[in-house]
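Enquirer: Return a 3D structure for these sequence lines:
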Amino acid sequence: MERFGVAVVGVGNVAQTVHLPLLTRMAGVEVVAVCDRVGSKARFVAERFGIPHALSRLEDLWAIEGIDIVDICTPTDSHAEIACAALEHGKHVFVEKPLARTVAEAQLVAKAVAQSNCQLMVGMNHRFRPDVTLLKSYVRRGELGTIYYIQASWLQPRQRERRWLTRADISGGGVVLDLGIVLIDLVLWMYDFAPVRSVHAALFRHQTRLVEDLAVATLYFASGSIATVECSWSLMRPDNLYACNLFGTRGSGSINPFRLIRYVEGEFITLQPHGQARLPAARQYTQSYLAEWQQFLNALRGHVAPTSTAAEAVFRMQIVEALYRSGEERCEVLITPTPEAPNASAA
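Expert: Numbering: from 1, shown residues only. Have a look, this model is predicted:
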């Protein structure tokens with residue numbers, strides 16, 4: 001099996017709780033270095049996980065031998081700069097969502113990918129949840145008929161330790177770029193990245209001052225299908241609600257928990273989940289990270305097609321920017337098709 005050397009840039013929460021525990025145990029991977037602008041933190045994390053190199057300057061990373069992949073786990077404002085630098089130095093890139101703060105930044109990265117011989121994957125791990133992949137398989141086989149409506153929600157109490165998310169100069173926005181972009185990706189992926197005709201959004205600031213903490217949006221597709229997306233840090237509920245419901249001409253499906261309903265000979269039939277789709281929510285979450293990294297490594301080996309690409313990220317950011325404009329102007333905003341719009345990609 002081909003072995004890949006990985007450098008993790010940014011050793012904050014997602015790196016220490018998800019990426020490093022996963023990568024240091026994963027077959028075919030060796031974590032060669034960690035890099036963080038706080039050198040003491042990089043050294044602590046390197047010692048904790050048994051990683052040979054700890055750096056505080058990105059420039060020093062390129063002199064280390066054996067690095068094939070740069071895993072970017074920094075705040076969003078540095079994603080584009082680090083990704084472009086890694087690609088210019090011939091490294092493959094895995095970057096946590098979102099790829100960038102703006103369409104322009106995302107296009108800059110997409111151009112760097114096109115000019116390199118390397119691959120880039122954006123960490124949209126929710127595509128790889130076992131319940132989501134099972135639901136997608138039913139959609140792909142046409143067993144729910146034509147999907148004409150998707151409803152997706154993520155309502156979450158705000159995590160106070162991640163205050164940089166409320167600074168638009170760092171994060172690019174509020175809850176739309178934190179939780180909403182995951183839902184937008186899920187909707188676009190279920191619809192095979194079909195063209196979006198227009199969007200409409202209502203944005204609110206109940207507990208935040210500079211960015212939105214609640215968004216309710218509608219995406220209108222050129223085919224006539226629609227999707228609604230709601231995401232919040234501030235709705236008064238004690239727990240985390242994550243859901244996606246699909247409605248088609250022959251049935252419907254939902255996740256978290258998984259459920260599939262078919263209409264057969266005048267009766268509704270509920271299909272039960274099987275295998276990993278039965279896993280509890282926490283296990284679905286951790287399994288999704290393992291599955292997306294396996295997908296990325298298999299793409300690098302040439303076994304599967306790349307997915308969650310920079311081109312898809314540009315398309316997502318075009319939707320996001322249109323939603324922000326809609327919320328500010330309180331009107332429906334048309335989406336102008338671009339040549340870079342992705343076709344369907346399999347995960």
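
Enquirer: who touches the residue nearest the centre of the chain in this structure?
Expert: Closest residue to the average C-alpha location of the chain: M124 at 2.4 Å, with Cα atoms, centre = their mean. Counting by Cβ atoms under 8 Å, 6 or more residues apart in numbering, M124 touches K97, V182, D185, W189, E292, S308. (Glycine included, C-beta is placed from N, CA and C.)

Enquirer: and these as JSON lines, adding pLDDT?
Expert: Listed next are those as JSON lines, based on pLDDT from 0 to 100:
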{"residue": "K97", "pLDDT": "97"}
{"residue": "V182", "pLDDT": "97"}
{"residue": "D185", "pLDDT": "98"}
{"residue": "W189", "pLDDT": "97"}
{"residue": "E292", "pLDDT": "97"}
{"residue": "S308", "pLDDT": "97"}
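
Enquirer: Among the residues you listed, which one lies nearest to R325?
Expert: Distance to R325 across the contacts of M124 (Cβ to Cβ) is lowest for D185, with 19.5 Å.

Enquirer: The residue nearest to D36 when sequence neighbours are not counted: helix or strand, and which one exactly?
Expert: Once flanking residues are discounted, D36 sits nearest to A42: 4.1 Å by Cβ to Cβ, 6 or more residues apart in numbering. Assigned by DSSP states H and E, A42 belongs to helix 39-49.

Enquirer: Buried residues of the helix or strand just after that helix, list them for me.
Expert: Per DSSP H and E, helix 39-49 leads on to strand 53-55 as the next helix or strand towards the C-terminus. Within strand 53-55, the residues that count as buried by 16 or more other Cβ atoms under 10 Å are H53, A54, L55.

Enquirer: so the closest residue to E328 other than its chain neighbours bridges to which residues?
Expert: Spatial nearest neighbour of E328, excluding adjacent residues (Cβ to Cβ, 6+ apart): L203 at 7.7 Å. Per DSSP bridges, residues listed as beta-bridge partners of L203: A215.

Enquirer: check contacts around L203.
Expert: Listed by Cβ under 8 Å, 6+ apart, the contact set of L203 reads V176, E212, L214, A215, L323, Y324, G327, E328.

Enquirer: coming back round to it: wait, the residue nearest to D36 touches A54, no?
Expert: Yes - between A42 and A54 there is a contact under Cβ atoms under 8 Å: 4.2 Å.

Enquirer: Now the buried members of the contacts of L203.
Expert: For the contacts of L203, buried by 16+ other Cβ under 10 Å: V176, E212, L214, A215, L323, Y324, G327.

Enquirer: so which strand or helix has the last one?
Expert: Read that as G327. G327 belongs to helix 310-329, assigned by DSSP H and E.

Enquirer: who does the helix or strand following that helix touch, helix- and strand-wise?
Expert: Later in the chain than helix 310-329, the nearest helix or strand by DSSP H and E is strand 333-334. Strand 333-334 makes packing contacts with strand 196-204, helix 310-329 when contacts are defined by 3 or more Cβ pairs under 8 Å, 6 or more residues apart in numbering; DSSP states H and E.
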